[in-house]
Structure formats: structure tokens, C-alpha cells
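Peer 1: Quick one: sequence plus predicted model below, questions after.
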Amino acid sequence: MLTLIGLTTALAMARSRRLLVREVSETARRANLARFLPAEIAPLVGEDDLATWRQGRRQQGTILFIDIRGFTAYAEKLDPARLSILISSFRRRVVRATEAFGGVVDKFIGDGALVVFGIPEPQSDDCTRAIACAHRLLALIDRWNIKRGFDPPVRVGIGIHSGELYYGLVGDDHRLEFTVLGDTVNVAAKIEQATKRFDTALLASETVVLRARQQPSWQAVCREPLGGRGEHVAVFIYTGTKPAG
């Protein structure tokens, strides 16, 4: 009887150890995923089959690109330590505005960022929230300039576009990366670059303006082939007032 009790206890302890090791391993795996994935995506990957996420998914989404204007001038004037502080401060403001409106920071690219609205599931107000995020970003940058007294002041360009996109995971368990791809992403990037040409901080595609139902607050500035397929895209500038007529 004592032998049987001892054997049962040993088996129970062995089973508990296996469960503990498995739980620790799963916790470590999720922590590793969280290091490389957006906070909104990592928990979902832990629940779902990783292979499904690697296959990716096509759906509607809204892309916001933001980039610091004239960053080379700052890079030349600041030492590496202060430049690092500048970039970190900028990124904190991007994260703050993005989280306030339910977006996801896909990635930071040097002095810029790619923000997505509509993942993991598209929402009817994705474009509205993307525009609101852009306005919040511009307000945060303005307050940042006043607080720090930057000379010249930090200026940014923001471009927004909405349409079909692909998102998923690439890489292996040691270095997974969440990525968003497609013509919608490319067009949003080109609209952001167009802010330089029109000397403005915010531009959006006609699709974004129409879906947000904000036509009175925007005015068309050009229609040109921005997409990879040569499709002509109407680009709008924010005016904040109803156009005359």
C-alpha cells in the first residue's frame, strides 16, 4: 500500500512538473512573440494557430504614414545621444495618438511610422479614426515644439489611404515579424510624400474622405497615378472649412 501511494504521488508530481514546464514554455513563447509583434496582435497569435497567421489574410484596412520633415538637418546638428532622445520622444507621441483611436503601429521606419486601422477586423469607422489620429498627432507635435522650443520646429507629413491590404506574419518563432503589404500601403506612402510638394502636413485619398463622410472639410488638390497599377487617385487636403460653392 505504501509503495502504491508513493508511486501515485511520484506520478502526480511528474505530471505537475510537465504541466509547469509546458506553462513556462508557453509563457516564454508568448513573451518572445510580444517582443516582435504589436501589442494588439501578440495575444491573438498566442490563441490561434501560428501557421494560419503565416498564411496571412486579405481584407479592407486604412493606412496612415507619418514622417518627420527635414530630419537630415536634425541629424546633422544633434549628437547621437540627443538624436536618440528626439526619435524616442517622437515615437512615444505616435504610440499615444495611435492607441487613443484604436490603431496599430505596424512598424517604425527611421524617423517615420506606419499605422494601421482595421486589424484584426475592419470597422466602419476606420477612416474616421485614422483622420482623428492624424489631428491628434499634429496637436501633439505642436505642443512638443512649444514645450522644447525646437529651432527649427519639428514638422511632419501625414498621408492616409484605405483599401484592400494583406497582413500576416513572416519569419520563424525566434524572429517573427508582423507585416502589412499591398497597393493600399504603397499609395498611402506616396500620399505622405506628396505633403512635401503641397507644403502641407496632412493629405488623404478621396476614398478616406468619402468613407469618413467629411467632404466639407477637405478639398481636392490633384488626381494622379499613385498606385502600382497606374490607377489615378484623387488626393485631398484638409481645410477644416466647407469649400466655397
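Peer 2: Nice, thanks for sending it over.
Peer 1: The chain: helices as residue ranges?
Peer 2: Assigned helices in the chain, in chain order: 2-36, 42-47, 50-55, 71-77, 80-100, 126-148, 183-197, 206-212 (criterion: DSSP state H).
Peer 1: tell me which strands and helices the third one is in contact with?
Peer 2: Translated: helix 50-55. Helix 50-55 sits against strand 155-170, with contacts defined as 3 or more Cβ pairs under 8 Å, 6 or more residues apart in numbering; DSSP states H and E. C-beta here means a position set from N, CA and C on the backbone, and glycine is covered the same way.
Peer 1: Just the buried positions in the strand it packs on, please.
Peer 2: With burial defined by 16 or more other Cβ atoms under 10 Å, the residues of strand 155-170 counted as buried are 155-163, 165-169.
Peer 1: Could you identify the least confident member of those?
Peer 2: In terms of pLDDT, the least confident member of the buried residues of strand 155-170 is Leu169, at 81.
Peer 1: Name whatever forms a beta bridge with it.
Peer 2: Using DSSP bridges, the beta-bridge partners of Leu169 come out as Phe178.
Peer 1: if I read this right, it contacts Glu177, doesn't it?
Peer 2: Yes. With contacts counted by Cβ atoms under 8 Å, Leu169 reaches Glu177, the gap being 6.9 Å.
Peer 1: just how off-centre is stretch 88-102 within its chain?
Peer 2: Taking Cα atoms, centre = their mean, to the nearest Å, the mean C-alpha location of stretch 88-102 is offset from the chain mean by 10 Å.
Peer 1: Could you pull out the buried residues of that stretch?
Peer 2: Within stretch 88-102, the residues that qualify as buried by neighbour count (16+ other Cβ under 10 Å) are 90, 93-95, 97-98, 101-102.
Peer 1: and for that stretch, what are the contacting residues?
Peer 2: Identification of contacts with stretch 88-102 by Cβ atoms under 8 Å, 6 or more residues apart in numbering yields 66, 68, 104-105, 108, 111, 113, 115, 117, 123, 129-130, 132-133, 136-137, 140-141, 144, 154.
Peer 1: follow-up on the earlier one: now the buried residues of stretch 88-102 as TSV including distance to Ala73?
Peer 2: As requested, the buried residues of stretch 88-102 are exported to TSV (distance: Cβ to Cβ, whole Å):
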residue	distance to Ala73
Phe90	15
Arg93	20
Val94	20
Val95	25
Ala97	24
Thr98	26
Phe101	30
Gly102	34
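Peer 1: remind me which residues of this protein are low pLDDT?
Peer 2: Under the criterion pLDDT under 70, the flagged ranges of the chain are 1-50, 173-174, 227-230, 241-245.
Peer 1: one more time with 90
Peer 2: Applying pLDDT under 90 to the chain picks out residues 1-57, 70-86, 106-107, 109-111, 119-121, 148-154, 167-180, 223-232, 240-245.
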